[in-house]
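Undergrad: got a structure for you, letters missing:
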């Protein structure tokens, strides 16, 4: 709880409300969804999809639907 | 089904160091061209070699890449091999003619830098008057032409507070927004670097924006510096971090032919020159990017020593680590690290 209060305080510096902070917190369902998606993708898809994100963020378009679970 | 361990699937071309801006945060101190920059033929030869090595995507950047008159020829050659292209540009030179050519190239994305919600802030950082309006005009023209557009924002102390206002300007425009922190390399002064608390707030902002807005309204992503292994936040980088990719899946080629694992790295980490050896020779060399390929847990520095994620993470982004601390494999701007010291920040 103490840590969450600190998060609310940090969020305030950019005008992020407590509700928005709560929504941005990592939940078990996010971890499970990411695990399944990445696991399947690593086995069956081209891994390069994960890698170029830091230059132009172009690959986020490939994952439009899935990104909401991440 | 499984890919090779080391394969230059992502290529970064600094086709010139010449630039028509003098941004205060430029990590390459771009301005004048390098001595003896590669010719069109040499770049095309680089592309041929990378295609042979199974390169899947090439990002063309600079300096300002559109200052080179042969950017289209270089891009066409990349297209010829079926490699995807993305561009990073300040947008100033993108007129209708350029857009027509870009349509023929069909890039995966054109990334334009916007560094403030206010005109004054953007132009103070990028040091060119009139550039703010021009950038938004170019973004709109690219969108009309059906070209995927990304806005890249480098956050520093001057524009940190404007991030929420900038979000309002980008929503529902079909733009992907990438946020990164400005690192004290090149021209960027350390006093403008975000504090750890501000950095964490920016990561929180990215995570909360992703939950607040759909990917149709505003796809948002933090770059490779927005990690790592947070126990609290949804991943700002979207995809899991498996360590710096320099020399693992990424290769950077400077305009003078020098090769590095990543273009963000300092010149001390130059691995060879394509004028002396082929890319395959350099890439398969026993010491190529040894800081990543031959990494050992004992290489970790700063607060990364003893971190349970150390082996996988390799101490975060190498250029951030070097830029901020002067040491490799110890990026202090780490969400996990900050969370562990929450009461102190």
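TA: Received it, and whenever you're ready, just let me know what you need. Model, not experiment: these values are computed from the prediction.

Undergrad: Am I right that residue B:176 is in contact with residue B:150?
TA: Yes: assessed by Cβ atoms under 8 Å, residue B:176 is found in contact with residue B:150 at 4.4 Å. To be clear about C-beta, it is placed using only N, CA and C from the backbone, and glycine gets the same treatment.

Undergrad: Spell out which residues are contacts of both of the two.
TA: Here residue B:176 and residue B:150 have A:57, A:58, B:109 as joint contacts, going by Cβ atoms under 8 Å, 6 or more residues apart in numbering or on different chains.

Undergrad: tell me which of those is nearest to residue B:340?
TA: Lowest distance from residue B:340 to the shared contacts of residue B:176 and residue B:150 (Cβ to Cβ) belongs to residue A:57, with 28.4 Å.

Undergrad: Not counting sequence-adjacent ones, nearest residue to the closest one?
TA: residue B:178 (4.0 Å; Cβ to Cβ, 6 or more residues apart in numbering or on different chains).

Undergrad: What about the shared contacts of residue B:176 and residue B:150, which are in helices?
TA: Judged by DSSP state H, the shared contacts of residue B:176 and residue B:150 include no members of helices.

Undergrad: Nearest to residue B:310 among these?
TA: For the shared contacts of residue B:176 and residue B:150, the nearest to residue B:310 is residue A:57 (27.0 Å; Cβ to Cβ).

Undergrad: so the closest one touches residue B:176, yeah?
TA: Yes: between residue A:57 and residue B:176 a contact is recorded at 4.9 Å, counting by Cβ under 8 Å.

Undergrad: between those two, what contacts are shared?
TA: Taking Cβ under 8 Å, 6+ apart as the criterion, residue A:57 and residue B:176 both touch B:109, B:150, B:219, B:221.

Undergrad: Distance of the first one relative to residue B:102?
TA: As defined by Cβ to Cβ, to the nearest Å, residue B:109 lies at a distance of 11 Å from residue B:102.

Undergrad: and for these two, which residues touch both?
TA: Shared between the contact lists of residue B:109 and residue B:102 (criterion: Cβ under 8 Å, 6+ apart) are residues residue B:87.

Undergrad: centre of the chain versus stretch B:267-286, how much separation?
TA: Centroid separation for stretch B:267-286 versus its chain: 21 Å, with Cα atoms, centre = their mean, to the nearest Å.

Undergrad: Identify each buried residue in it, please.
TA: Across stretch B:267-286, burial judged by 16 or more other Cβ atoms under 10 Å in any protein chain shown covers B:269, B:271, B:272, B:274, B:279, B:282, B:283.

Undergrad: and which of those is nearest residue B:34?
TA: Of all the buried residues of stretch B:267-286, residue B:34 sits closest to residue B:274, with 13.6 Å by Cβ to Cβ.

Undergrad: tell me the mean pLDDT for the biggest helix by length in chain A?
TA: In chain A, taking DSSP H as the definition, the longest helix is helix A:28-44. For helix A:28-44, the mean pLDDT works out to 73.

Undergrad: repeat for stretch B:227-235
TA: Here the average pLDDT along stretch B:227-235 is 90.

Undergrad: Am I right that residue B:151 sits in a strand?
TA: Yes: Residue B:151 sits within a strand when classified using DSSP: H, G, I helix; E, B strand; the rest coil.

Undergrad: just the shared contacts of residue A:57 and residue B:176 that are near chain A?
TA: For chain A, the contacts drawn from the shared contacts of residue A:57 and residue B:176 by Cβ under 8 Å from any Cβ of the partner chain are B:109, B:150, B:219, B:221.

Undergrad: Backbone dihedrals for the last one, please?
TA: To tie it back to what came earlier, the one meant is residue B:221. With angles defined as degrees, to the nearest 10, residue B:221 sits at phi -150, psi 140.

Undergrad: Could you pull up the contacting residues of it?
TA: The contact partners of residue B:221, taken as Cβ under 8 Å, 6+ apart, are A:53, A:57, A:60, B:176, B:177, B:178, B:179, B:206, B:236, B:237, B:238.

Undergrad: Residue B:205 versus residue B:213, what's the distance?
TA: Taking Cβ to Cβ, one finds residue B:213 at 12 Å from residue B:205.

Undergrad: neighbour-wise, which of these two wins?
TA: residue B:205 (27 against 16; other Cβ atoms under 10 Å in any protein chain shown).

Undergrad: you'd agree that one is up against residue B:163?
TA: Yes: shown here, residue B:205 and residue B:163 form a contact pair, counting by Cβ under 8 Å, at 6.0 Å.

Undergrad: quick one: is the longest helix anywhere in chain B near chain A?
TA: Longest helix of chain B, by residue count under DSSP H: helix B:196-212. Yes: if you take Cβ under 8 Å from any Cβ as the test, helix B:196-212 does meet chain A, through B:197, B:198, B:200, B:201, B:202, B:204, B:205, B:207, B:208, B:210, B:211, B:212.
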